[in-house]
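K.L.:
give the three-dimensional model of this entry:
(one chain, ligands or ions: 1)
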Amino acid sequence: MHLEVVGLSKSFPSRRGPILALDGVDLHVESGEFVCVVGASGSGKTTLLRLIAGLDQPSGGSIRVDGEPVIGPGADRGVVFQSYTLYPWMNVAENVGFGLKLQGVKRQERAARVDYFLEIVGLERFAKALPNQLSGGMKQRVAIARALAAQPKILLLDEPFGALDVQTKETMQEFLLDLWQRTRTSILMITHDVEEAVFLSQRIYVLTSHPGRVKREILVNLPSQRDYGLKRTPAFQDLKDEIMALLRERPGIPLGSATP
Ligand SMILES: Nc1ncnc2c1ncn2[C@@H]1O[C@H](COP(=O)(O)OP(=O)(O)OP(=O)(O)O)[C@@H](O)[C@H]1O
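P.N.:
Below is the predicted model:
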């Protein structure tokens, strides 16, 4: 799998003229990589993910998965958003299998894949439960199982834990890391949470705001064995501080200089 985004731009019309949300963004994700994009509010993170998911059309530039141009949504990209997008009237197993049904996957194969991916996310005992019987973290695990069940080449995550309380969020981060280590699915995750990005990913793109541009690409050179002890190490804190400083900087105003 190779995701390549080149010179990606997106502007939205508005009464006061076009709003440039993304301006010439270049990024790539290699097979089995976990990559995060961090940026402040308004840096175009959601716009970027929607373009890669094929839910919106770029104003310029290109997006390719294994050399094939992205022209709309496709089974090669699995998407999970912040808000739970489960069908409330379907049980967990039906939610996970729904996309497969649309893809024409036969009943037996569908049932096998649903069981497999529910086990991967640790929810096999909840196959018959309805979404409103689940906690927020469990709903997101169902959404991840549903995305994985279609066997995408890459998983696209847009602030998947943004709506969860701090404790659940930490549990879910460990869950996602464990899932990635077991499955080695390629992941591109959007987040405004710098600590989350440093904890989870191997590479980070830091975006500027208004318009969103790649300000820096950072290699996360931390031990591959990640647990909560890591967050207290100086190396982790230094990297987090470096990225926070980049996010605070405004164009043309170096950090520390007097601001008007
Ligand atoms: N459909 C739209 N119509 C008009 N403007 C839009 C639209 N979607 C996004 N924008 C504008 O594009 C810019 C980037 O928005 P986007 O939601 O992608 O940023 P974000 O980094 O995801 O922000 P947040 O972290 O607050 O969700 C903003 O200025 C926003 O107002």
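K.L.:
so which bits of the stretch 151-260 of the chain are right by the ligand?
P.N.:
Residues of the stretch 151-260 of the chain that fall close to the ligand, judged by CB under 6 Å from any ligand atom: residue 192. All C-beta atoms are positioned from the backbone trio N, CA, C, and that covers glycine.
K.L.:
residue of the stretch 151-260 of the chain nearest the ligand, please.
P.N.:
Here the residue of the stretch 151-260 of the chain nearest the ligand is residue 192; by CB to the nearest ligand atom that distance is 5.2 Å.
K.L.:
unless I'm mixing things up, that residue is touching residue 37, no?
P.N.:
No: applying CB atoms under 8 Å as the test, residue 192 and residue 37 come out as separate, 9.8 Å apart.
K.L.:
other SSEs contacting the helix of greatest length in the chain?
P.N.:
Using DSSP state H, we find that the single longest helix of the chain is helix 166-183. The contact analysis (3 or more CB pairs under 8 Å, 6 or more residues apart in numbering; DSSP states H and E) places helix 166-183 against helix 107-120, helix 136-149, helix 194-200.
K.L.:
and residue 192 and residue 37? Which one has more around it.
P.N.:
Neighbour totals were compared for residue 192 and residue 37, and residue 37 leads with 27 against 17 (other CB atoms under 10 Å).
K.L.:
what does the stretch 1-150 of the chain put close to the ligand?
P.N.:
Contacts of the stretch 1-150 of the chain with the ligand, taken as CB under 6 Å from any ligand atom, map to 12, 19, 21, 39, 41-47.
K.L.:
try 5 Å
P.N.:
Taking CB under 5 Å from any ligand atom as the criterion, the neighbours of the ligand within the stretch 1-150 of the chain are 12, 21, 41-47.
K.L.:
state the pair within the residues you listed that is farthest apart.
P.N.:
Farthest pair in those (CB to CB) is 12 and 41. Separation: 15.7 Å.
K.L.:
and the angle for the very next helix or strand once past the longest helix of the chain with helix 166-183?
P.N.:
Using DSSP states H and E, the next helix or strand after helix 166-183 towards the C-terminus is strand 186-191. On the basis of axes from the mean of the first three to the mean of the last three CA atoms, to 10 degrees, strand 186-191 is oriented at 160 degrees to helix 166-183.
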